[in-house]
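Enquirer: A structural model of the following input is requested.
(chains A, B, C and D)
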Protein chains: 4
Amino acid sequence: MSYAERMLHAYPDQSIANVEALAACIDACADCAQACTACADTCLCEREVQSLIRCIRLDLDCADICVATGAVLSRQTAFDASLARALLQACASACKVCGHECEMHAQHGMEHCRICAEACHRCEAACQEALTALAA
Amino acid sequence: MSYAERMLHAYPDQSIANVEALAACIDACADCAQACTACADTCLCEREVQSLIRCIRLDLDCADICVATGAVLSRQTAFDASLARALLQACASACKVCGHECEMHAQHGMEHCRICAEACHRCEAACQEALTALAA
Amino acid sequence: MSYAERMLHAYPDQSIANVEALAACIDACADCAQACTACADTCLCEREVQSLIRCIRLDLDCADICVATGAVLSRQTAFDASLARALLQACASACKVCGHECEMHAQHGMEHCRICAEACHRCEAACQEALTALAA
Amino acid sequence: MSYAERMLHAYPDQSIANVEALAACIDACADCAQACTACADTCLCEREVQSLIRCIRLDLDCADICVATGAVLSRQTAFDASLARALLQACASACKVCGHECEMHAQHGMEHCRICAEACHRCEAACQEALTALAA
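Expert: Numbers count the residues shown, from 1 in each chain, chains lettered A, B, ... in the order given. Alright, predicted model coming up:
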């Protein structure tokens, strides 16, 4: 069990719905933030860095948004679902565009972009599942 | 001129539209992140902390989202307007709900909530103006 | 293998020393940031929140420092070891003091503090091991 | 008066020492984080991006550390001076190395590096003054 899931189970009032979807989304945000931060940096040391400018930029955006989203979802006290939804939509949007960009470079042999695209796609899906869970 | 405005003027291709609205939004995000971080902490040392739980929580969310939004807007290379719009909407939404909560406590004499509400309202307005500028 | 470890293995020049210690520290920072963010929030919904003020404050500090430390260590291009060491020392120091505070509340039955203390202690140890690896 | 200074004056117990040095440091951290984030991005759109790799990397590190340092100093409840000192030292070190790198590129006509070097030098000085104030 991840720390996110353990912490969600440790709330004193025990009434948190959708612990699995929330924990999965928090963990996917952390993974995606890490992969994007590292992908931006690895792009910087590629010989063809000029062709990776948009990738670096989207990596940095996606990392920042994932960090914020993971933190907001980690807070369950006085949870504001409409605020969480707006942020999850922005996060899913960032993961989608960044994952798509990375995928293009993965097809040209960039292994770090392949791994980062995977993290982005998983995080986008986890955001969508969290959105569904919050709407229920 | 703030650092945000000076940096936007220093882009080599000079073609950034809406420098004023962007710089104002970046600065408002930084101010709001600072005010929210400090308001959450000041709430913690109030005797009636129990009545400020929701305020603390929204302060922390709003600070995280403002930091991410300010960073994303500070990047103009390969700018993705639809990603920026989704994040600006989430940021405006966080500032609105946090500013409203702070305003209630300001009416009960909490000076830090009064200042924080002001920062939230300014940031919400600056996000709306940036959204308008991006749509133009 | 975590994303941190996979990304470190994907650097094109393959010459990164101490991948295991670095990846372990990056992962421990992410876990600790998550646990601290959630612990601060769970403290907020405890009836005895007044006795948890110092814990909340240290949780928030520790989370912020862990996020920064994980990001800096995730960047291996043009790595500056002395900057990394100064930050690792600050991070180890934050984890130590926060872990100690959480441990006290864990002894009074706070499950979230028990889990958070564990994450802090692991992160402190991982920072020390990364410091040793960087000095070698 | 900046939001940082106004918020420090709004603490209910009024007993915060060194408000000026603290507020100046919090503001300098916010300015430096902004300048570094924007400088990294502006470097990315320079034709000679290859010669700016170390600058981009240090900008990103410095921005992350400045954000964390500004947040930690913004919290005065249950303030832990030794934790703050360790972080201020890491921040001063990041500002110094990043400012020095930017200065070199400023001498080759990079206006964004000139502005960023200024923000780094001011933040380094503000960290040193906060360290002196905390030691008093």
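Enquirer: quick check: which element contains the residue most central in space within chain A?
Expert: Relative to the mean C-alpha position of chain A, the nearest C-alpha, by C-alpha atoms, centre = their mean, is the one of A:Cys29, at 3.1 Å. Taking DSSP states H and E as the criterion, the element that holds A:Cys29 is helix A:19-44.
Enquirer: which parts of chain A are helices?
Expert: With DSSP state H as the criterion, chain A has helices at A:3-9, A:19-44, A:53-74, A:81-106, A:111-135.
Enquirer: whether the shortest one contacts chain C - can you check?
Expert: Looking back up the chat, that one is helix A:3-9. Yes - for a cut-off given as C-beta under 8 Å from any C-beta of the partner chain, helix A:3-9 has contacts with chain C, namely A:Tyr3, A:Ala4, A:Arg6, A:Met7, A:Leu8. (Glycine included, C-beta is placed from N, CA and C.)
Enquirer: tell me where the model's unsure across chain A.
Expert: Under the criterion of pLDDT under 70, the regions of chain A flagged as low confidence span A:14.
Enquirer: my read: A:Leu52 touches A:Ala106, true?
Expert: No - when contacts are counted by C-beta atoms under 8 Å, A:Leu52 is not listed as touching A:Ala106 (11.8 Å).
Enquirer: what about those two, which has more around it?
Expert: Using other C-beta atoms under 10 Å in any protein chain shown, the more surrounded residue of A:Leu52 and A:Ala106 is A:Leu52, with 24 against 18.
Enquirer: so who does the more buried one touch?
Expert: Taking C-beta atoms under 8 Å, 6 or more residues apart in numbering or on different chains as the criterion, A:Leu52 is in contact with A:Cys43, A:Glu46, A:His105, A:Met110.
Enquirer: mind doing that once more with 10 Å?
Expert: Taking C-beta atoms under 10 Å, 6 or more residues apart in numbering or on different chains as the contact definition, A:Leu52 lies against A:39-40, A:42-44, A:46, A:59, A:101-102, A:105, A:110, A:112-113, D:44, D:49.
Enquirer: what's the distance between the residue nearest to the centre of chain A and D:Ala126?
Expert: When C-beta to C-beta, to the nearest Å is applied, the distance between A:Cys29 and D:Ala126 equals 32 Å.
Enquirer: tell me, how many residues neighbour the residue nearest to A:Ser51 when sequence neighbours are not counted?
Expert: Of all residues beyond its chain neighbours, the one nearest A:Ser51 is A:His105 (7.9 Å), with distances taken as C-beta to C-beta, 6 or more residues apart in numbering or on different chains. Neighbouring residues of A:His105 were enumerated by other C-beta under 10 Å; the total is 23.
Enquirer: buried subset of the residues of helix A:3-9 next to chain C?
Expert: By the neighbour-count criterion of 16 or more other C-beta atoms under 10 Å in any protein chain shown, the residues of helix A:3-9 next to chain C include these buried positions: A:Tyr3, A:Ala4, A:Arg6, A:Met7, A:Leu8.
Enquirer: distance to chain D added to those residues, as TSV?
Expert: Listed next are those as TSV, based on distance: C-beta to the nearest C-beta, whole Å:
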residue	distance to chain D
A:Tyr3	20
A:Ala4	21
A:Arg6	25
A:Met7	21
A:Leu8	24
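Enquirer: chain C: which of the residues you listed is nearest?
Expert: Of all those, the one with the least separation from chain C (C-beta to the nearest C-beta) is A:Met7, at 3.6 Å.
Enquirer: list the contacts of that closest one.
Expert: Under the criterion of C-beta under 10 Å, 6+ apart, the contact partners of A:Met7 comprise A:1, A:19, A:23, A:26, A:74, A:76, C:34-39, C:41-42, C:111-112, C:115-116, C:119.
Enquirer: mind redoing it with 7 Å?
Expert: For A:Met7, the contact set (C-beta atoms under 7 Å, 6 or more residues apart in numbering or on different chains) comprises C:Ala35, C:Ala38, C:Cys39, C:Thr42, C:His112, C:Ile115.
Enquirer: of the residues you listed, list those near chain D.
Expert: For chain D, no contacts are drawn from the contacts of A:Met7 by C-beta under 7 Å from any C-beta of the partner chain.
Enquirer: export these as TSV, with columns for neighbour count.
Expert: Shown next, in TSV, are the contacts of A:Met7 (neighbours: other C-beta atoms under 10 Å in any protein chain shown):
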residue	neighbour count
C:Ala35	33
C:Ala38	29
C:Cys39	35
C:Thr42	29
C:His112	29
C:Ile115	21
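Enquirer: export the residues you listed to a markdown table and tack on distance to A:Ala63?
Expert: Output for these, formatted as a markdown table (distance: C-beta to C-beta, whole Å):
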| residue | distance to A:Ala63 |
| --- | --- |
| C:Ala35 | 20 |
| C:Ala38 | 20 |
| C:Cys39 | 23 |
| C:Thr42 | 26 |
| C:His112 | 27 |
| C:Ile115 | 25 |
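Enquirer: redo these as a markdown table? Include distance to chain B.
Expert: As requested, the contacts of A:Met7 are arranged in a markdown table below (distance: C-beta to the nearest C-beta, whole Å):
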| residue | distance to chain B |
| --- | --- |
| C:Ala35 | 15 |
| C:Ala38 | 12 |
| C:Cys39 | 13 |
| C:Thr42 | 11 |
| C:His112 | 15 |
| C:Ile115 | 19 |
